[in-house]
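Chemist: Everything below, folded, please.
(2 chains)
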Amino acid sequence: DGGITQSPKYLFRKEGQNVTLSCEQNLNHDAMYWYRQDPGQGLRLIYYSQIVNDFQKGDIAEGYSVSREKKESFPLTVTSAQKNPTAFYLCANSAPGQGIAWREKLFFGSGTQLSVL
Amino acid sequence: QKEVEQNSGPLSVPEGAIASLNCTYSDRGSQSFFWYRQYSGKSPELIMSIYSNGDKEDGRFTAQLNKASQYVSLLIRDSQPSDSATYLCAVNNDMRFGAGTRLTVKP
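Modeler: Purely as a prediction, here's the structure:
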């Protein structure tokens, strides 16, 4: 696997509260991604980062923020501006381009289920 | 916005049948295409990747790519109950996923 660790497995947010989801990797991959998945739906891209200290918005970045201060870590903060945060959140990384077979293959963490109290 | 679309499910097939899953994409410049399988409550896992037009076979799975028509499909031969899952199509340029097709294989 891509050596990705997400924590916590379950998280509860109170109204008006910011919460941070952790994503750590141990395989030295440059690219990391955050996806949101709602029940019965596919994955929607929130943010991604191709390199340390740089990140780009995905399709649904509003109400979320990220940082990439270290190559190993890509935490996602769900802010109080995100009015419907209940979802399954997945962090992923992709192997560097070592040939076409490895290009952009994603490795996923085990996910964090966020719910609102 | 670049889009990846999958045929709406759910799809139900009897055990031993062929399951056919389809995906279309809007970005004609896309180069890499992936099929992921996701069991309920779990994270997706890669089952097939394809980069060139034509068919690619891996065991009971066959991925088919037609760049001119902008579609990619996944065939599962001799479907088993353990194949019951949601199948997600992904296109590489910006790592977008389709909404997924839920497959149920009935014994």
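Chemist: hey, let's count contacts and neighbours off CA atoms from now on
Modeler: Noted.
Chemist: ok, and what's touching the helix or strand of chain A with the lowest mean pLDDT?
Modeler: When each helix and strand of chain A is scored by mean pLDDT, DSSP states H and E, strand A:106-108 comes last, with a mean of 88. Applying Cα atoms under 8 Å, 6 or more residues apart in numbering or on different chains, the contact partners of strand A:106-108 are A:1-4, A:90-95, B:43-46.
Chemist: Out of those, grab the one that's most surrounded.
Modeler: Of all the contacts of strand A:106-108, residue A:91 has the most neighbours under the rule other Cα atoms under 10 Å in any protein chain shown, reaching 32 neighbours.
Chemist: what are the pairing partners of the host helix or strand of that one, and which direction each?
Modeler: In this assignment (DSSP states H and E), residue A:91 forms part of strand A:87-94. Within its sheet, strand A:87-94 is paired with strand A:31-37 (antiparallel), strand A:106-108 (antiparallel), strand A:112-116 (antiparallel), according to DSSP bridges.
Chemist: Of all those strands, which one comes closest to residue B:12?
Modeler: strand A:31-37 (22.6 Å; Cα to Cα).
Chemist: what about that closest one, distance to the chain center?
Modeler: 4 Å (Cα atoms, centre = their mean, to the nearest Å).
Chemist: Ok, stretch A:32-44 next?
Modeler: 9 Å.
Chemist: Tell me the buried residues in it?
Modeler: Using 16 or more other Cα atoms under 10 Å in any protein chain shown as the burial criterion, the residues of stretch A:32-44 that qualify are A:32-37, A:42-44.
Chemist: Can I get it as CSV, trimmed to CA atoms?
Modeler: What follows is stretch A:32-44 as a C-alpha-only set of coordinates in CSV (Å, rounded to 0.1, in the frame of the first residue of the first chain):
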residue,chain,number,x,y,z
MET,A,32,-1.2,13.9,-1.8
TYR,A,33,-4.9,14.3,-2.1
TRP,A,34,-8.1,14.7,0.0
TYR,A,35,-11.4,13.3,-1.2
ARG,A,36,-14.9,13.5,0.3
GLN,A,37,-17.4,10.6,-0.2
ASP,A,38,-21.1,10.9,0.6
PRO,A,39,-23.2,7.8,1.0
GLY,A,40,-23.7,6.0,-2.3
GLN,A,41,-21.6,8.6,-4.1
GLY,A,42,-18.2,8.7,-5.8
LEU,A,43,-15.2,10.6,-4.6
ARG,A,44,-15.0,14.3,-4.9
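Chemist: can you list contacts of that stretch?
Modeler: Counting by Cα under 8 Å, 6+ apart, residues outside stretch A:32-44 touching it are A:45-50, A:59-60, A:74, A:76, A:86-94, B:88, B:96-100.
Chemist: Need the nearest residue in space to whichever residue of chain A sits closest to chain B, chain neighbours excluded.
Modeler: Minimum separation of chain A from chain B (Cα to the nearest Cα) falls at residue A:42, amounting to 3.7 Å. Closest residue to residue A:42 apart from its sequence neighbours, by Cα to Cα, 6 or more residues apart in numbering or on different chains: residue B:99 at 3.7 Å.
Chemist: Backbone dihedrals for residue A:73, please?
Modeler: With angles defined as degrees, to the nearest 10, residue A:73 sits at phi -130, psi 140.
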